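Enquirer: how would this look folded up:
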Amino acid sequence: MLGLGMTIKERIEKIRERIEGAAIRSGRKPGEIRLMGVSKFHGAGEITEAVQAGLFLFGESRVQEAEGKFPPLKETYPALELHLIGNLQQNKVKRAISVFDGIQSADRDELISALGTAVGKNRTALTVLLELHTGEDSKSGYPNEDSLSRAVELILSFPGLKLSGLMTMAPLTQDEAMIRRAFKKLYSAQGLLRRRFPEIDFSCLSMGMSGDFETAIEEGSTLVRVGTAIFGEEK
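Expert: Got it, this is the predicted structure:
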């Protein structure tokens, strides 16, 4: 864990160094991996510090919290990009699409249908990632590749949705072998879906958090979701 006395800018710089190291170790280009700052429970001042350090991609878990923080920030920093990474209740879909640029936690057909209907044809396409269940302590996510394939077909029926890849939550464990298996499962699902749907862009693999993002990069992650290592413990 990074030192408590470090500034947010210094922490981001250290994390980028670790991302670069993990990418080089696995024969990849560091530029292939995006860093997301998970800003839930942290205020606009801390987010502004991160933006001023060159971080423009953020993730939030709750619609109401994002509504209260991000509209003014996005006015000041138009390049800022915000994704929902937590469970989305269907009764909050319309509110979610008004503040988020992407939904990373599309984990069931009913939610996809609600998103597609709400977005319609009258706005820029909403980026969507399909969530695959890979950890036994997590209940969210599609259970297997066949259910993901059906979800892809459903997304294709809504012109306002843009599928760009997959995400997963690794099991909360210190067992690195279990964590790697979860990441490998997502990488394998990406390959299968690319073969089934060669016309679709599945390039985004969102996996890895503060404690395991280097492992995730070694297993193919293209987007790591880092909160504590940037902002400190949740307040």
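Enquirer: so where do the strands sit in this protein?
Expert: 34-38, 57-60, 81-84, 102-106, 126-131, 161-167, 204-206, 223-226 (DSSP state E).
Enquirer: could you say what helices and strands the first one packs with?
Expert: I take that to be strand 34-38. helix 8-25, strand 57-60, strand 223-226, helix 228-231 (3 or more C-beta pairs under 8 Å, 6 or more residues apart in numbering; DSSP states H and E). Yep, even glycine has a C-beta here, placed from its N, CA and C like the rest.
Enquirer: how many neighbours does S147 have?
Expert: Neighbours of S147 under the rule other C-beta atoms under 10 Å: 16.
Enquirer: Tell me the pLDDT of it.
Expert: Per-residue confidence at S147 stands at 97 (pLDDT).
Enquirer: on that earlier part again, can you redo the strands of the chain as JSON lines with mean neighbour count and mean pLDDT?
Expert: Formatted as JSON lines, the strands of the chain follow (neighbours: other C-beta atoms under 10 Å; pLDDT from 0 to 100):
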{"stretch": "strand 34-38", "mean neighbour count": "22", "mean pLDDT": "98"}
{"stretch": "strand 57-60", "mean neighbour count": "24", "mean pLDDT": "98"}
{"stretch": "strand 81-84", "mean neighbour count": "22", "mean pLDDT": "98"}
{"stretch": "strand 102-106", "mean neighbour count": "25", "mean pLDDT": "97"}
{"stretch": "strand 126-131", "mean neighbour count": "24", "mean pLDDT": "97"}
{"stretch": "strand 161-167", "mean neighbour count": "21", "mean pLDDT": "97"}
{"stretch": "strand 204-206", "mean neighbour count": "24", "mean pLDDT": "98"}
{"stretch": "strand 223-226", "mean neighbour count": "25", "mean pLDDT": "98"}
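Enquirer: Nearest to A189, out of those?
Expert: Ranking those by proximity to A189 (C-beta to C-beta) places strand 161-167 first, at 6.1 Å.
Enquirer: Adjacent strands (with direction) for that closest one?
Expert: Here strand 161-167 is paired, per DSSP bridges, with strand 126-131 (parallel), strand 204-206 (parallel).
Enquirer: Straight-line length of stretch 24-43, end to end?
Expert: End-to-end distance of stretch 24-43 (C-alpha to C-alpha, to the nearest Å): 34 Å.
Enquirer: Just the buried positions in that stretch, please.
Expert: Buried residues in stretch 24-43, defined by neighbour count with 16 or more other C-beta atoms under 10 Å: 28, 33-40, 42.
Enquirer: any chance of those in a markdown table, plus distance to G68?
Expert: Output for these, formatted as a markdown table (distance: C-beta to C-beta, whole Å):
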| residue | distance to G68 |
| --- | --- |
| R28 | 37 |
| I33 | 30 |
| R34 | 25 |
| L35 | 24 |
| M36 | 20 |
| G37 | 17 |
| V38 | 16 |
| S39 | 12 |
| K40 | 12 |
| H42 | 12 |
